[in-house]
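1. A structural model of the following input is requested.
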Amino acid sequence: MCNQKNMMMKDKQMKKLYNLKMRRVILIFNVLKFEINGALAVQKGIHLQSIKSCNVEYKDKFDYQNESCEISYYEFLKLDQRKTTSVFRQTQESVSYSLKGEMNSLIYYKQFDDECKYIVKEIVDNLIELNCNIYLEQRQFDEIANITHSNRLYVFTKEQITLISLIIVVGGDGTVLYALRQFQSQEPPPILAFQKGTLGFMCVFDLKDKYQVLSKQIEHFRTAGQFIVERKLRLKGCLIQSGGQKFEYHVLNEFVITRGANPHCLYIEIYINDVLLTLASGDGIIVSTPTGSTAYFLSAGGPIIQNEVPSISIAPICPLSLSFRPIVLPTCLNITIKLANQCRANGFICADGQTTVEFNKDMIFQILKSEKFVSIIQDKSDIDYNEWVHNLRKKLGWNKVFTDQKKYKSNL
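-> Here you go, the predicted model:
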């Protein structure tokens, strides 16, 4: 009798545990929105350890569409509970891409840098050896065509966007943002970025290894159809004018709502899911991604956010009230920006420092997570947090004394 009672109590405890575990799994599904199909949720842009790591036999028991779980209590007892409750986010993974026809590479390089031209010339020659077609914008095409000659060199136009298999960037983060201007209406191809800028958080590869990197990445893509990429969150901004016209923008770093050259401060109403958060007064606000947290957002006093933390952050620019501090929000929330009636001048919306449009009191600006992510090619599939910390310390010059800083040479 006693044994039967103990077994019933144990059975009851296990059922309670099962309910908690299943609630946790379903909660993860609802919040992070990844598809259970035996692979990573590439289209959703959030890379998670597949549920097949729990047990491949049960991966089809989860119904993402209905947000339900069909695993029975006794089936649950057979699972590895440690793995079942450990569904990890992972932003670096091998992602498959289909190659349609020939390999077409679109190159962008740092403007007003003469050294870059000759570096790109060497890259072009290497790509030709690898049987790739090369596209450049008209101005850069003219520069490169003067120093190299090939029938595989083409002028890039917007009509050719769907032909591009790979974007190659030689420069810094600003050059990456410039390249993304053309890919507002669709997800851009993978970006292979070589560091030739000031900071270059997104530029993974060193130019001294350019031949080995190009050969390795392109040959691997041709044989396996994959690149190892880091998927970066973008924000979508929808500007709604008084007449109902809508204009859509996608940013990798940030949206900046600013007074521009107007001498008057802005009064900005900020709504979270249509609920008023605050009335911000000052020079403006910045709405940033984790990628943008080391850019303008950082200069405005915002926190640095690791790319694996899916978030949307807001920081004021020179606020009149010191009570409004930077805030970090989950990506499931929608942000609405309006200019208050007491504004004496129009503002401006700047998207990634590339596009600027006027913003007045009759307009509404809505910001939410974009479904069009950016894929930055990496040299390894595992996320190296030690390297991230090292790069942060090195690139931002933390703990350096003034005597260690690079001396500025005056032109006077």
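2. now for the top strand by length along the chain, which elements pack on it?
-> Counting residues, the longest strand found in the chain (DSSP state E) is strand 275-288. Contact partners of strand 275-288 among helices and strands, from 3 or more Cβ pairs under 8 Å, 6 or more residues apart in numbering; DSSP states H and E: strand 254-258, strand 266-272, helix 296-299, strand 311-319, strand 335-339. All C-beta atoms are positioned from the backbone trio N, CA, C, and that covers glycine.
3. please identify the deepest-packed of the ones you listed.
-> Highest mean neighbour count among the helices and strands packed on strand 275-288 (mean count of other Cβ atoms under 10 Å): strand 254-258, with a mean of 25.
4. same for it, what does it pack against?
-> Applying 3+ Cβ pairs under 8 Å, 6+ apart, one finds that strand 254-258 contacts strand 235-240, strand 266-272, strand 275-288, helix 296-299, strand 347-351, strand 364-369.
5. pipe the ones you listed into CSV and attach distance to Lys110 per row.
-> As requested, those are exported to CSV (distance: least, Cβ to Cβ, whole Å):
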stretch, distance to Lys110
strand 235-240, 25
strand 266-272, 33
strand 275-288, 23
helix 296-299, 19
strand 347-351, 20
strand 364-369, 29
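6. out of the ones you listed, flag the one nearest Pro310.
-> Closest approach to Pro310 among the helices and strands packed on strand 254-258 is made by strand 364-369 (7.8 Å; Cβ to Cβ).
7. which residues are contacting that closest one?
-> When contacts are defined by Cβ atoms under 8 Å, 6 or more residues apart in numbering, strand 364-369 is touched by residues 233-240, 255, 257, 287, 310, 312, 331-338, 349, 359.
8. and if we set it to 6 Å?
-> The contact list for strand 364-369 (Cβ atoms under 6 Å, 6 or more residues apart in numbering) reads 235-240, 287, 331, 334-338.
9. of all the helices and strands packed on strand 275-288, which lies closest to Lys400?
-> For the helices and strands packed on strand 275-288, the distance to Lys400 is smallest for helix 296-299, at 16.4 Å, taking Cβ to Cβ.
10. which neighbouring elements make contact with that closest one?
-> Packing contacts for helix 296-299, counted by 3 or more Cβ pairs under 6 Å, 6 or more residues apart in numbering; DSSP states H and E, involve strand 275-288.
11. partners of the strand it packs on in the sheet?
-> strand 254-258 (antiparallel), strand 266-272 (antiparallel), strand 311-319 (antiparallel) (DSSP bridges).
12. which stretches of the stretch 101-250 of the chain have low pLDDT?
-> Residues of the stretch 101-250 of the chain that meet the criterion pLDDT under 70 lie in 101.
13. can you give me the strands in it?
-> Here the stretch 101-250 of the chain has its strands, by DSSP state E, counting those that start in this stretch, at 103-109, 132-136, 153-155, 166-171, 191-195, 226-232, 235-240, 246-251.
14. what is the neighbour count of Gln160?
-> By the measure other Cβ atoms under 10 Å, the count of residues near Gln160 is 14.
15. on that earlier part again, which of the helices and strands packed on strand 254-258 is buried the deepest?
-> strand 347-351 comes out most buried of the helices and strands packed on strand 254-258 by mean count of other Cβ under 10 Å, with a mean of 22.
16. right, and the helix or strand after that strand?
-> strand 355-359 (DSSP states H and E).
17. contacts for that next one, please.
-> Contacts with strand 355-359, where a contact means Cβ under 6 Å, 6+ apart, come from 346-350.
18. could you dump these to TSV with pLDDT and distance to Phe156?
-> As requested, these are arranged in TSV below (pLDDT from 0 to 100; distance: Cβ to Cβ, whole Å):
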residue	pLDDT	distance to Phe156
Asn346	96	35
Gly347	97	33
Phe348	98	29
Ile349	98	27
Cys350	98	25
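19. which one of these is nearest Lys395?
-> Cys350 (23.3 Å).
20. tell me how far the closest one lies from Val287.
-> From Cys350 across to Val287, the span is 11 Å (Cβ to Cβ, to the nearest Å).
21. can you check Phe247 too?
-> Distance of Phe247 to Val287, given as Cβ to Cβ: 16 Å.
22. which one is Leu199 nearest to, not counting chain neighbours?
-> Setting aside the residues directly before and after it, Leu199 is nearest to Lys395 in space (Cβ to Cβ, 6 or more residues apart in numbering), at 5.0 Å.
23. ok, now Cys343?
-> Excluding its sequence neighbours, the residue lying closest to Cys343 (Cβ to Cβ, 6+ apart) is Tyr267, at 5.0 Å.
24. show me the beta-bridge partners of that neighbour.
-> Beta-bridge partners recorded for Tyr267 (DSSP bridges): Ser281.
25. got the contact list for it?
-> 281, 340, 342-343.
26. of the residues you listed, closest to Leu320?
-> Relative to Leu320, the closest of these is Ser281; by Cβ to Cβ it sits at 4.4 Å.
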